[in-house]
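Visitor: Sequence first, predicted model second:
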Number of protein chains: 6
Amino acid sequence: MALRGASLKKVKVGIFKCGNIGSAPLLELLIDELADREDISVRSVTTGAKMLVEEVEEALPKIFDFNPDFIVFTSPNPAVQGPTKAREILLEKKIPSIFISDAPGKRLKEEFEKNGFGYIIVMGDPLIGARKEFLDPSEMALFNSNIIKVLAITGVYRIIHQEIDRIINCYKEGLTAELPKLIIDTDSIRDNSDFKNPYAKAKAMAAYELTKKVAEINTRACFMEKEKEKYIPLVACAHEIVQIAAKLAEEAREIEKYTDTLVRRPHSKDGRLKIKEKLMLPLTFDEEIYHKWFKSSKADSQA
Amino acid sequence: MALRGASLKKVKVGIFKCGNIGSAPLLELLIDELADREDISVRSVTTGAKMLVEEVEEALPKIFDFNPDFIVFTSPNPAVQGPTKAREILLEKKIPSIFISDAPGKRLKEEFEKNGFGYIIVMGDPLIGARKEFLDPSEMALFNSNIIKVLAITGVYRIIHQEIDRIINCYKEGLTAELPKLIIDTDSIRDNSDFKNPYAKAKAMAAYELTKKVAEINTRACFMEKEKEKYIPLVACAHEIVQIAAKLAEEAREIEKYTDTLVRRPHSKDGRLKIKEKLMLPLTFDEEIYHKWFKSSKADSQA
Amino acid sequence: MALRGASLKKVKVGIFKCGNIGSAPLLELLIDELADREDISVRSVTTGAKMLVEEVEEALPKIFDFNPDFIVFTSPNPAVQGPTKAREILLEKKIPSIFISDAPGKRLKEEFEKNGFGYIIVMGDPLIGARKEFLDPSEMALFNSNIIKVLAITGVYRIIHQEIDRIINCYKEGLTAELPKLIIDTDSIRDNSDFKNPYAKAKAMAAYELTKKVAEINTRACFMEKEKEKYIPLVACAHEIVQIAAKLAEEAREIEKYTDTLVRRPHSKDGRLKIKEKLMLPLTFDEEIYHKWFKSSKADSQA
Amino acid sequence: MALRGASLKKVKVGIFKCGNIGSAPLLELLIDELADREDISVRSVTTGAKMLVEEVEEALPKIFDFNPDFIVFTSPNPAVQGPTKAREILLEKKIPSIFISDAPGKRLKEEFEKNGFGYIIVMGDPLIGARKEFLDPSEMALFNSNIIKVLAITGVYRIIHQEIDRIINCYKEGLTAELPKLIIDTDSIRDNSDFKNPYAKAKAMAAYELTKKVAEINTRACFMEKEKEKYIPLVACAHEIVQIAAKLAEEAREIEKYTDTLVRRPHSKDGRLKIKEKLMLPLTFDEEIYHKWFKSSKADSQA
Amino acid sequence: MALRGASLKKVKVGIFKCGNIGSAPLLELLIDELADREDISVRSVTTGAKMLVEEVEEALPKIFDFNPDFIVFTSPNPAVQGPTKAREILLEKKIPSIFISDAPGKRLKEEFEKNGFGYIIVMGDPLIGARKEFLDPSEMALFNSNIIKVLAITGVYRIIHQEIDRIINCYKEGLTAELPKLIIDTDSIRDNSDFKNPYAKAKAMAAYELTKKVAEINTRACFMEKEKEKYIPLVACAHEIVQIAAKLAEEAREIEKYTDTLVRRPHSKDGRLKIKEKLMLPLTFDEEIYHKWFKSSKADSQA
Amino acid sequence: MALRGASLKKVKVGIFKCGNIGSAPLLELLIDELADREDISVRSVTTGAKMLVEEVEEALPKIFDFNPDFIVFTSPNPAVQGPTKAREILLEKKIPSIFISDAPGKRLKEEFEKNGFGYIIVMGDPLIGARKEFLDPSEMALFNSNIIKVLAITGVYRIIHQEIDRIINCYKEGLTAELPKLIIDTDSIRDNSDFKNPYAKAKAMAAYELTKKVAEINTRACFMEKEKEKYIPLVACAHEIVQIAAKLAEEAREIEKYTDTLVRRPHSKDGRLKIKEKLMLPLTFDEEIYHKWFKSSKADSQA
């Protein structure tokens, strides 16, 4: 199916970041990595590290002035007050919205579906070791660096940006996009990854499992242990795991480089996805993905 | 000098990100890494990867609605049209503004100073290998992951957030803050770092020098070489260097961990900086830094 | 308290291994690492990899011929038929017995206590990736090699052999030994390890957490997934984790070597524990541990 | 040649471990790695770390009660008194017996052959650094962990278990098995290994050569040097070599994983050997090995 | 083109080393790595680390006694007095001479060409960190070890010895050899390397770029910084970079080993170049290179 | 003892390299690493890779023209014809001469002593894997790079240059220098190294033991195995060992850097040895070494 007839208007993507998760800091860049995409316009607003209700109430409306076609809302644990207030506002505004969140978001699955929100729950996007004796700005940045590496290499970022790309493409085609209903767990990596080498894939899965372990340890260290002799070693332990998870992920990617089978999937200027495997060979359009996307979407729009 | 008498009002920090540099993705989090700081409120707006004049014109004013006490503007090469337009608008608005930028920003030093803008030029925050045959969302994220690691470990992020902290503290003290005029080069790391081990410092300096080398190679690969047989190996080479720079930086940090001398500098709830060295020992307030800040600032405010 | 008056008779330790766990293959050697200990005699019998009732019934009595002072019984999941049969036999025989087991053994805690058995549950001694498409003799040996490394470095083996040493010493002193009631989890490493460097300890704790993760993944791969496209990547992923756990543990030990603070605790010829830290300095007797052991044991024997 | 006609009775393998060598701790598991093999029954008895005559005399007979079809006897240096006593007993009992031993065993080659014993001399199964100032239970376990890794990856364990498998299969076929007469040196790895990549093989051979070097150094440190200033650095040096030998072996295995050519050779339920190369492809029966085994054995049985 | 008609006389290669560069210490060995080449005779004279005019004047003539067919002169910065004096002497003697030099030599390009000297400028052969507080014999040797590794693996040494081989072969064929006019920069590696894997090539290029960075830093540390607090960290930083450059180069070579595509190009006994790729396959003569060499040389000789 | 009264004339060191050993390529530089030493003058002549009698006869006399105070002659196996011829010539010329050689030189110990030659036998300076199917110029250079690293870090180079320095200083003092009679084995490293950390020393010793193992394997591969299926894997195996020996040595040095205890021993301008430990602290003169040297030498000169 050719992409002729696509709308000439840019699709407008609004992003609101409420607190931080590993999927958030580079989100805008994931859908326009070369800053040359002509089919979209992006605006993003954040209240920084804070997730307070009053900040959400004040800042979220800024994104509406941009008239976005749809909104992506990122936050850790979306059950807390700030994101909950955001859902109330967004529900009222009736703008199609997708919530990207970490593991605690899984508990809101039904609420999301009932209210028509899309959701992408990243099970391996862990809580940071948020203990003052341990976490300073450098440690925080390092933690995020490691998480970004794992999420990029395992293909989690690819799954996320392709969901957004799918919606953008539906808008461009005049189709009704079905919002994503995704829980990204290790199975998603096993079943959807671009790894050609099965051991590289196993290492990537291992890296992702480790980030889930980090979430488990940090949750205990931040919310359950009260004495610093107990929680400091735990957060230090969790950050050691995330460091080695990043190494394991990097090793997985190196394996693909070692046999020149690393798959690359850049966006073209007009927004379409390209693909290639051998580094020195040319890119081709990834026809396959469009067939997959529109087959389901068409059906929806005709229903 | 004690901090009594400090204003009770939160200091409002406005951030505008125009395109991406390595210092940008985590900027809000660097000044509130535990999301518990009660002395500041932060808003950040971005147009995503794009740096177009019309996007800046439309999006920048959103940050004014927030009535920020000062604005931090991040972008690569601030000489291009988008950031130039931003400077016109900010100059007119008369809000104190700081430009954080990469090496090409050095050429605007005089313009910044003439117009009263603060600036932080991060010489080791390199251009990405922006060639479509090579750069896809995963590669982009990986590159940023590696840059973040280098900037965090070398102490560049610390220099940046302490400049912002200094201004915040001046506001809180009712002092006139002098905006930063900083070019962060390898010397800054040599002369200001927290490394206790001289070889760890040498490795950190080496990592930073490598990111400068990356900038040099990517500039050539992106703007000078025309044939893909020539530029693809160059961008691939640059990204190999950034990967190994991150490893070298990590090794520097590990050395400090190996002798339990890794310095941590978290923000306290009221925004004051704390410090410690041995992991299991308690934090203390970093009195020294306040003396340094206010000594110079007081002089200014009396002038 | 001096050790005079100790019995001259050798304490006889009987070991029965039913199937394999990571704590089993070197168990005899852990209590006599230099093969020169004059205070004990050890016999060990195993039915190999199998855990069948009939094999246990036939082989276990062989250990009784040796007239052991006490028996150590190792097996995975002690709730299955073979080990259950063993408990019946041992209960009848009234020989003091200690069960060393992996995490599933935790569910038998109450049964052990009710019947007067000692137990040591090693939470980080994981199930192997027992899928025929993946596990061959080499992979099995490698897995055990990695587990042994983690259990040795984290100090788990030390906890185990010191429990046995404690009992041996009670016998030698004519004291009634209280059998161990231990669940060795990450907390045990945090609170009992010999690491002098807190980051080394954090890495060791991380390694142990990873082996617990391996147990979780292998349990799913071995008992829940039915299709080989699903379970092969999972067992491969688990074995990648155990490999990196061994590396992390090794790194923890290297840190202690780097500052020459690695603690060594050999047995002396007469069985007493010695200790030292700096490699080139002499050993001393570890008086402390005897005080700790006998303080509690004496109380028991007087009760 | 099909395996029809095989006997339905389980072949009984008796194992006696006298002292420890690297080939011993996992020996039972190597021939039944998944604990599901229906064609064999295994019993193993050990006297722990000790090799005393009286312990051998008392414990060895326990294995006779099991009526083993053949016995595998493992020990370091079989020329010392304990193993020598064992040979006297076994010779008298006329049970087919195989001695697995380390390099000093090579000197008994002729005696073994004269008395009809099988033997497998593992030249790269080195003496441990048995100096009390250095060797404690943790160091001992680590050393074994590293040796196990080398012996598993280089294929030495495979050579050993296939010799035992060959004998088991001869019993099952009603053939007279020729007992092994094997000296496993670096040549055996060069000529028999499963490595597909020649550099991986070279690294594996290198790892094995290093374990031989370890034997040489530890022998000197344990038996020749008298002053601790001399022997402690030597045993420490030897254990550094075994650690790096394990890393080199691991690297060899990783190479095979990197091109998905790692050969796996699990036992099937009925004991037959299966084989495969690509991780995600199915196993096939290894017909070749049976042809090789029976060709020679048949000839023997007809002779 | 066959090599019949080649002269039977040995070609005499005179080498003079004036001070040290990374291309010098093994130069004689690069053209006769197996010490079995029958077509050449080599003499080499050096004044050690010194580059003084009087030493050059005294020692250089020793090489003339050998009646060399041509001379290779190696030195750092050939613009300084010693090498300049050498050029005067060599110009007078009219012996064909090739100058191998580091980056500063590039400035003499025109002088070389005007005077008919051949030249090979190795841009990535950096100045050592020649500061007394840092550089001792061990550090000097280590630096050279790392540079040698980079120059060997990137193929720089191959480019150099093939230029010498080309000239030797022209002599043997009675052809007039054109002396080399080469500046070996990263492009040379990109365009001429033997790497089969593009990521290996990118890593090799990266290693070479790092050695260029080392030159830049050491030049600053040795000639511009005056205080030891400033220059010691800089030379230490430069030597960290060269260490990691060697690692990166080694990794590039390992990649080729991992897929058994590492190209080897030994000299045969009669001096002709052979080539092969798979380790266990036989060598073949490298016909291609002779065609390339003589095509151009013939043309020259007929001109 | 002060060094006043030292002769003003430069001591002349003549070096002749016959074939290559690991101690040779940087020898001149080891005694003048900063090229600023004013007390010596050095000339070095080599015949390249070859060790033929006729080449030695022709080239050796060139070094006599320089009127050296003493000669250092380096070669592998000094029992072969070329070096033997050199000994004849040197014996006749009566110039004090020191032979630096690899392990086979040990067999000439008595001959050296009888004829009054000094000797330094470097037991860990191994034969290269000189098989044409394997060794090309790049592999040769890499091997030397690795050997240089091991010899530099283990302190072997330091032992060598201090022997030469001792003789130079005796000449300067007008003392009769006793020529060295040294066999540098692992004991020399154990007993003379500068390592402060005992595990670093153990790793350095291990690295040196590995180079001895390389010699053993390459000797077999080069002189005993005839089929290429046999010798190619062996030389590849040996070169893997030398690579990992270099890594192990590097790790030893890193340990000293990690605690800032790396000892540096540069030559001062006047040739005296300086020393320091902490990187940022100043150098001091190494008085100790002079006392050691002259105590023995004086005695000699008075005898």
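Guide: Received, thanks. On a predicted model such as this, the values are computed, not experimentally measured, just so you know. Residues are numbered from 1 along each chain as shown, chains lettered A, B, ... in the order given.
Visitor: residues near A:Lys230, how many?
Guide: 15 (other Cβ atoms under 10 Å in any protein chain shown). Every C-beta, even on glycine, is put in place using the N, C-alpha and C of the backbone.
Visitor: So it lies in a strand, does it not?
Guide: No: counting by DSSP: H, G, I helix; E, B strand; the rest coil, A:Lys230 is not part of a strand but helix.
Visitor: if I look at the nearest residue to it once chain neighbours are set aside, how far off is chain B?
Guide: With Cβ to Cβ, 6 or more residues apart in numbering or on different chains as the criterion, A:Lys230 has its nearest non-adjacent residue at 7.2 Å, and that residue is C:Arg190. To chain B, C:Arg190 is 11 Å away according to Cβ to the nearest Cβ, to the nearest Å.
Visitor: doesn't C:Arg190 fall inside a helix?
Guide: Yes: looking at C:Arg190 with three-state DSSP, it is inside a helix.
Visitor: Thought C:Ala206 was touching it, still the case?
Guide: No: shown here, C:Arg190 and C:Ala206 do not form a contact pair, counting by Cβ atoms under 8 Å, at 11.2 Å.
Visitor: mind listing what the residue nearest to A:Lys230 touches?
Guide: Neighbouring residues of C:Arg190 by Cβ atoms under 8 Å, 6 or more residues apart in numbering or on different chains: A:230, A:233-234, C:201, C:205.
Visitor: From the residues you listed, pick the one nearest chain B.
Guide: For these, the residue nearest chain B by Cβ to the nearest Cβ is A:Pro233; the value is 8.2 Å.
Visitor: who touches A:Ile184 in this structure?
Guide: A:Ile184 makes contact with A:120-124, A:156, A:159-160 under the criterion Cβ under 8 Å, 6+ apart.
Visitor: mind listing which of those are in strands?
Guide: Judged by DSSP state E, the subset of the contacts of A:Ile184 located in strands is A:120-122.
Visitor: low-confidence ranges in the stretch 151-300 of chain A?
Guide: A:296-300 (pLDDT under 70).
Visitor: For it, which residues are neighbours of chain E?
Guide: With Cβ under 8 Å from any Cβ of the partner chain as the criterion, the stretch 151-300 of chain A meets chain E at residues A:257-260, A:262, A:278-280.
Visitor: if you set the cut-off to 7 Å instead, what comes out?
Guide: A:257-260, A:279-280 (Cβ under 7 Å from any Cβ of the partner chain).
Visitor: buried residues in the helix or strand harbouring A:Gln243?
Guide: Taking DSSP states H and E as the criterion, A:Gln243 maps to helix A:228-258. Within helix A:228-258, the residues scored as buried using 16 or more other Cβ atoms under 10 Å in any protein chain shown are A:231-258.
Visitor: dump the residue contacts of A:Lys181.
Guide: Counting by Cβ atoms under 7 Å, 6 or more residues apart in numbering or on different chains, A:Lys181 touches A:113, A:118-119.
Visitor: residue ranges for the helices of the stretch 101-250 of chain A, please.
Guide: Listed from the start of the chain, the stretch 101-250 of chain A has helices (DSSP state H, counting those that start in this stretch) covering A:109-114, A:137-153, A:156-173, A:186-192, A:198-223, A:228-258.
Visitor: for those, which one sits closest to B:Lys85?
Guide: Closest approach to B:Lys85 among these (Cβ to Cβ): helix A:156-173, 26.7 Å.
Visitor: what's the closest one in contact with?
Guide: A:6-7, A:11, A:13, A:23, A:30-31, A:39-40, A:69-70, A:72, A:100, A:120, A:122, A:124, A:151, A:176-177, A:180, A:182, A:184, A:188, A:192, A:265, A:271, A:273, A:293-294, A:297, B:137-138, B:141.
Visitor: which one of the contacts of A:Lys181 is nearest chain F?
Guide: Nearest to chain F among the contacts of A:Lys181: A:Tyr119, at 46.9 Å, using Cβ to the nearest Cβ.
Visitor: circling back: would you mind giving the contacts of A:Ile184 as CSV with neighbour count added?
Guide: Below are those laid out as CSV (neighbours: other Cβ atoms under 10 Å in any protein chain shown):
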residue, neighbour count
A:Ile120, 23
A:Ile121, 23
A:Val122, 28
A:Met123, 21
A:Gly124, 28
A:Val156, 29
A:Ile159, 19
A:Ile160, 25
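Visitor: ok, back up a step: filter the buried residues of helix A:228-258 by proximity to chain B?
Guide: When contact is defined as Cβ under 7 Å from any Cβ, these meet chain B at A:232, A:236.
Visitor: Quick check: the gap between A:Trp188 and D:Lys203.
Guide: For residue A:188 the amino acid is Ser, not Trp. Counting by Cβ to Cβ, to the nearest Å, the gap from A:Ser188 to D:Lys203 is 35 Å.
Visitor: of those two, who's got more company?
Guide: Set side by side, A:Ser188 and D:Lys203 show more neighbours around D:Lys203, with 30 against 20, by other Cβ under 10 Å.
Visitor: Which ChimeraX command selects the buried ones in the contacts of A:Lys181?
Guide: Filtering the contacts of A:Lys181 down to the buried ones (16+ other Cβ under 10 Å) takes a single ChimeraX command:
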select /A:118,119
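Visitor: give me the subset of the contacts of A:Lys181 touching chain F.
Guide: Restricting these to those near chain F - Cβ under 7 Å from any Cβ - leaves none.
Visitor: can you put the contacts of A:Lys181 in JSON lines and add pLDDT and distance to chain E?
Guide: What follows is the contacts of A:Lys181, written out as JSON lines (pLDDT from 0 to 100; distance: Cβ to the nearest Cβ, whole Å):
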{"residue": "A:Glu113", "pLDDT": "97", "distance to chain E": "44"}
{"residue": "A:Gly118", "pLDDT": "98", "distance to chain E": "37"}
{"residue": "A:Tyr119", "pLDDT": "98", "distance to chain E": "37"}
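Visitor: Could you point out which of the contacts of A:Lys181 is nearest to C:Pro96?
Guide: Using Cβ to Cβ, the contacts of A:Lys181 come closest to C:Pro96 at A:Tyr119, 56.6 Å.
Visitor: That closest one bridge partners, please.
Guide: Assessed by DSSP bridges, A:Tyr119 has beta-bridge partners A:Phe99, A:Lys181.
Visitor: can you pull the contacts of it?
Guide: A:98-99, A:101, A:105, A:109, A:112, A:180-182.
Visitor: Please indicate which of those are buried?
Guide: Neighbour counting with 16+ other Cβ under 10 Å marks A:98-99, A:101, A:105, A:112, A:180, A:182 as buried within those.
Visitor: Looking at A:Ala103 now. What's its pLDDT?
Guide: pLDDT recorded at A:Ala103 is 97.
Visitor: Verify the contact between it and A:Ala215 for me.
Guide: Yes: with contacts counted by Cβ atoms under 7 Å, A:Ala103 reaches A:Ala215, the gap being 5.8 Å.
Visitor: re earlier: return the closest of the buried ones among the contacts of A:Tyr119 with respect to chain C.
Guide: The nearest member of the buried ones among the contacts of A:Tyr119 to chain C, counting by Cβ to the nearest Cβ, is A:Leu182 at 18.7 Å.
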